[in-house]
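Chemist: Build the 3D model from these lines:
(chains A and B)
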Amino acid sequence: MKTHIDSSDKAAIAASYWSASTKLILGCLFVWFVVSYGFGILFVDAMNTISLGGYKLGFWFAQQGSIYVFIALIFFYARRMNAIDRDHGVDEG
Amino acid sequence: MDLKLLTYIVVGLSFAVYIGIAFWSRAGSTGEFYVAGGGVHPIANGMATGADWMSAASFISMAGLIAFLGYGGSVYLMGWTGGYVLLAMLLAPYLRKYGKFTVPEFIGDRYYSKGARMVAVVCLIFISFTYVAGQMRGVGIVFSRFLEVKITTGLIVGMGVVFVYAVLGGMKGITYTQVAQYVVLIIAYTIPAIFISVQLTGHVLPQLGLGASLTDGGGHLLDRLNTVVTDLGFAAYTSGNKSTIDIFAITMALMIGTAGLPHVIVRFFTVPKVRDARTSAGWALVFIALLYTVAPAVGAMARYNLTTTIQHGAVGQPSSNIVYEQRPDWFKRWEETGLIKFADKNGDGRIQYYNDANPAFAAKAEAFGWKGSELKVDNDIMVLANPEIAGLPDWVIALVAAGAIAAALSTAAGLLLVISSAISHDVFKGALTPNMSEKQELMVGRIAAAVAVGIAGYLGYNPPGFVAQVVAFAFGLAAASLFPAILMGIFSKSVTREGAVTGMLTGLAFTFGYILYFKGIFITPMAKNVPENWLFGISPEGIGTVGAALNFGVTFVVSKLTARPPKEVQDLIENIRLPAGAGSAHSH
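Modeler: Residues are numbered from 1 along each chain as shown, chains lettered A, B, ... in the order given. Sure, this is the predicted structure:
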């Protein structure tokens, strides 16, 4: 284990941590956008030609599905972020 | 026992619990007053956030709005939940790491400017007061309907209760009261929904019932509902009648507005660690989703019940319309409140309820001898009258009253707290009297909370416009002013003080002006609020999206033209981006 970390190492760790975090965030926000604005709004008519039980799929995404995906996304993000924190040694211990 | 007495008992008991909690958890320090000492468990904070978030509008009005808008109501469902994704990933963990007490304080430090902090205070106060007026109004309405007292009496009682736990308990008292209020409101909301879902579809879970077949063999509920409403000239339930661009803009404005609301953001200052802020946002959304996934079922089922009660057979057959004298009891009771109104325009003693604004159908209706739609139904009735429509026992009705009051009070308390923190911490401690002691600051905070309660009560009594309009205002302004400033403050090191201040002011002025132009809340509207007049076809509810885009654009351009932020600010940004080293919230 390194006992001394000089400032350029620290800056490199911070930069790599930040790029890993922003990548994860962008990935999650892509899904966030697709399920709500994509499936629920922009492509709702196309999605509505498919049915899910008594639901039209676009309508289901707009009134149910997007909310479930949002929840899953936040917990997925929180888990991945915790792992990224640990990998970079910047977690809160 | 009669309903009124039962309602008094249930509501009274819930108040006793809230006040009991307030005494048990009263705040002793500014840290406890502003952020509950930073020691709230992430799941408890999630529940408190749920209650803080779900207001009188969510509890009373949302299902009714969805009932009448159908698919168009999705803007509220996606908009008021999707903001938590933004909050969890873009703001909450970083602001928690920053670790101070208020949103304006962050803006002031990040933009190295007292001016920026004061602009944020003004935005915060305006947003929070417009929002709180709606809550107090909601309390007054519920009191007057269920406890049969004057709206003023209801307001005063509500103010008294909020006063006790917000002023004494600060954030700590509010947090634990909100946990209790969440439990009351979610039970009150879901029980009637479950009963109605079972009656119509045989499914216990309303989320499944909405997509299921009717037990009477009428096919899928949503298909049947589409037929029932289009037969009367209304837009099909699952397609609605808002334009795609407007749905997009409203959803976006509500999402980024949610993430920019100070009373929601500060809830994430109360958890012990950065990683707790992340999961806590997830828990908050779980608790919110329990109501938000049930609401569309309540809306659709209530619309179906209402329409088929009035029109119980083929459209055009005189005998298919209900005879006014034989209307159900709940109808009579709610007529007294004016939330449902009947006028026998064609004098046949039967109720005709249809879309007389649809020219094609109006012609048909005339051939039937109908002289215009005879029923006016207020959105709010869909939740408030739900248990009566479903024929549920009196204790459920009493519970709905307690739930609606819990929803309104919990949100009001959260709003009043951020107002008082902004006054005591940002205006007094931060600018006017920086040398005061912690004890004095706590006292100023309590006085500010007390004054804010008084103003909120006054605004509830004389609401500046319609409750729903007021809420649109709050979201639009939060979206256009605070959200972009906070987001860019974390994710960009090159945004400058001048950029942020001009950006916030531009977003604010544009959004405020646009809403005023069409809605005229303090003045007469300057143009008719119809799609033909709107900019890009975006309604005042969705204009916050354009305001936010303007804010981003102006901030970016002005930042390019001005000197880069100083070294300390660059260091501050570096620091909040890394979770390590987050202590509990502190004032220095």
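
Chemist: Which element, helix or strand, includes the nearest residue to B:Asn379 once chain neighbours are set aside?
Modeler: Spatial nearest neighbour of B:Asn379, excluding adjacent residues (C-beta to C-beta, 6 or more residues apart in numbering or on different chains): B:Gly64 at 3.2 Å. For glycine as for every other residue, the C-beta is placed from the backbone atoms N, C-alpha and C. Following DSSP states H and E, one finds B:Gly64 within helix B:62-69.

Chemist: What is that helix packed up against?
Modeler: Contact partners of helix B:62-69 among helices and strands, from 3 or more C-beta pairs under 8 Å, 6 or more residues apart in numbering or on different chains; DSSP states H and E: helix B:74-86, helix B:295-310, helix B:381-384.

Chemist: Can I get the ones you listed in TSV including distance to B:Ile127, mean pLDDT and mean neighbour count?
Modeler: Shown next, in TSV, are those (distance: least, C-beta to C-beta, whole Å; pLDDT from 0 to 100; neighbours: other C-beta atoms under 10 Å in any protein chain shown):
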stretch	distance to B:Ile127	mean pLDDT	mean neighbour count
helix B:74-86	14	93	27
helix B:295-310	24	90	24
helix B:381-384	25	82	26
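
Chemist: neighbours around residue 91, how many?
Modeler: You didn't pick a chain, so chain A it is. Number of residues near A:Asp91 (other C-beta atoms under 10 Å in any protein chain shown) recorded here: 18.

Chemist: Can you look at chain B instead?
Modeler: 26.

Chemist: what's it in contact with, if anything?
Modeler: B:Ala259, B:Ile265, B:Phe268, B:Ile486, B:Leu487, B:Ile490 (C-beta atoms under 8 Å, 6 or more residues apart in numbering or on different chains).

Chemist: distance of it from chain A?
Modeler: Separation of B:Leu91 from chain A (C-beta to the nearest C-beta, to the nearest Å): 11 Å.

Chemist: Same question for B:Thr496.
Modeler: For B:Thr496, the distance to chain A (C-beta to the nearest C-beta) stands at 20 Å.

Chemist: For B:Tyr18, which non-adjacent residue is spatially closest?
Modeler: Counting by C-beta to C-beta, 6+ apart, B:Tyr18 lies nearest to B:Thr177, which is 4.8 Å off, once chain neighbours are set aside.

Chemist: residues touching the one you found, list them.
Modeler: B:Tyr18, B:Ile21, B:Ala22, B:Tyr165, B:Gly169, B:Ser410, B:Ala413.

Chemist: can you map out the helices along chain A?
Modeler: Under the criterion DSSP state H, chain A contains helices at A:7-33, A:44-47, A:57-60, A:66-87.

Chemist: one step back: looking only at pLDDT, what's the mean for the helix holding B:Gly64?
Modeler: For helix B:62-69, mean pLDDT is 88.

Chemist: Output it as CSV - backbone C-alpha positions only.
Modeler: Coordinates of each C-alpha in helix B:62-69 appear next as CSV, following Å, rounded to 0.1, in the frame of the first residue of the first chain:
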residue,chain,number,x,y,z
MET,B,62,-53.6,14.6,-9.4
ALA,B,63,-55.8,11.5,-9.9
GLY,B,64,-58.6,13.8,-10.9
LEU,B,65,-56.4,15.6,-13.4
ILE,B,66,-55.4,12.3,-14.9
ALA,B,67,-59.0,11.2,-15.0
PHE,B,68,-60.0,14.1,-17.2
LEU,B,69,-56.7,14.3,-19.2
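
Chemist: Strands of chain B, start to end?
Modeler: B:340-342, B:375-377 (DSSP state E).

Chemist: sorry, back to before: hmm, the residue nearest to B:Asn379 is touching B:Gly299, no?
Modeler: Yes. Judged on C-beta atoms under 8 Å, B:Gly64 makes contact with B:Gly299 at a distance of 6.9 Å.

Chemist: Can you give me the pLDDT of residue 30?
Modeler: Just going to use chain A. According to the model, A:Phe30 scores 96 on pLDDT.

Chemist: Chain B was what I was after
Modeler: pLDDT for B:Thr30: 80.

Chemist: Quickly note the distance from the residue in the stretch 401-550 of chain B positioned nearest to chain A to B:Pro296.
Modeler: Closest to chain A within the stretch 401-550 of chain B is B:Phe491: 7.9 Å, counting by C-beta to the nearest C-beta. Distance of B:Phe491 to B:Pro296, computed by C-beta to C-beta, to the nearest Å: 34 Å.

Chemist: B:Gly391 now?
Modeler: Distance of B:Gly391 to B:Pro296, given as C-beta to C-beta: 22 Å.

Chemist: What values do phi and psi take at B:Val294?
Modeler: Taking degrees, to the nearest 10, you get phi -80, psi -30 for the backbone angles of B:Val294.

Chemist: Which residues are in contact with it?
Modeler: Counted by C-beta under 8 Å, 6+ apart, B:Val294 has contacts B:Tyr189, B:Thr190, B:Ala193, B:Pro206, B:Gln207.

Chemist: so what's the residue of chain A found nearest chain B up against?
Modeler: Closest to chain B within chain A is A:Gly54: 3.2 Å, counting by C-beta to the nearest C-beta. The contact partners of A:Gly54, by C-beta under 8 Å, 6+ apart, come to B:Leu210, B:Gly211, B:Ala212, B:Ser213, B:His220, B:Leu221, B:Leu222, B:Asp223.

Chemist: Could you find the closest non-adjacent residue to it?
Modeler: Counting by C-beta to C-beta, 6+ apart, the residue nearest A:Gly54 is B:His220, at 3.2 Å.

Chemist: Might you name the residue of the stretch 101-250 of chain B sitting closest to chain A?
Modeler: Here the stretch 101-250 of chain B gets closest to chain A at one residue, B:His220, 3.2 Å apart by C-beta to the nearest C-beta.

Chemist: Assess the claim that that residue and B:Gly209 are in contact.
Modeler: No. The pair B:His220 / B:Gly209 is not scored as a contact, 10.9 Å apart, by C-beta under 8 Å.

Chemist: Mind checking which of those two has more residues around it?
Modeler: B:Gly209 (26 against 19).

Chemist: before we move on, back to that, so for B:Gly64 and B:Gly299, which residues contact both of them?
Modeler: Taking C-beta under 8 Å, 6+ apart as the criterion, B:Gly64 and B:Gly299 both touch B:Met382.

Chemist: check contacts around the residue located most distally from the centre of chain B.
Modeler: Residue farthest from the centre of chain B, counting by C-alpha atoms, centre = their mean, is B:Ala367 at 43.0 Å. By C-beta under 8 Å, 6+ apart, B:Ala367 lies in contact with B:Gly316.

Chemist: okay, now the closest residue in space to B:Phe536 that isn't next to it in sequence: neighbour count?
Modeler: When the adjacent residues along the chain are set aside, B:Phe536 lies closest to B:Ile245, with 6.5 Å between them (C-beta to C-beta, 6+ apart). Neighbours of B:Ile245 under the rule other C-beta under 10 Å: 17.

Chemist: what's the answer for the one 4 residues further on, then?
Modeler: A count of nearby residues for B:Ala249, using other C-beta under 10 Å, gives 23.

Chemist: Which residues are in contact with it?
Modeler: Contacts of B:Ala249 (C-beta under 8 Å, 6+ apart): B:Ile538, B:Ser539, B:Gly542, B:Ile543, B:Thr545, B:Val546.

Chemist: B:Thr153 contacts B:Phe143, correct?
Modeler: Yes. Counting by C-beta under 8 Å, B:Thr153 does reach B:Phe143; the two are 6.8 Å apart.
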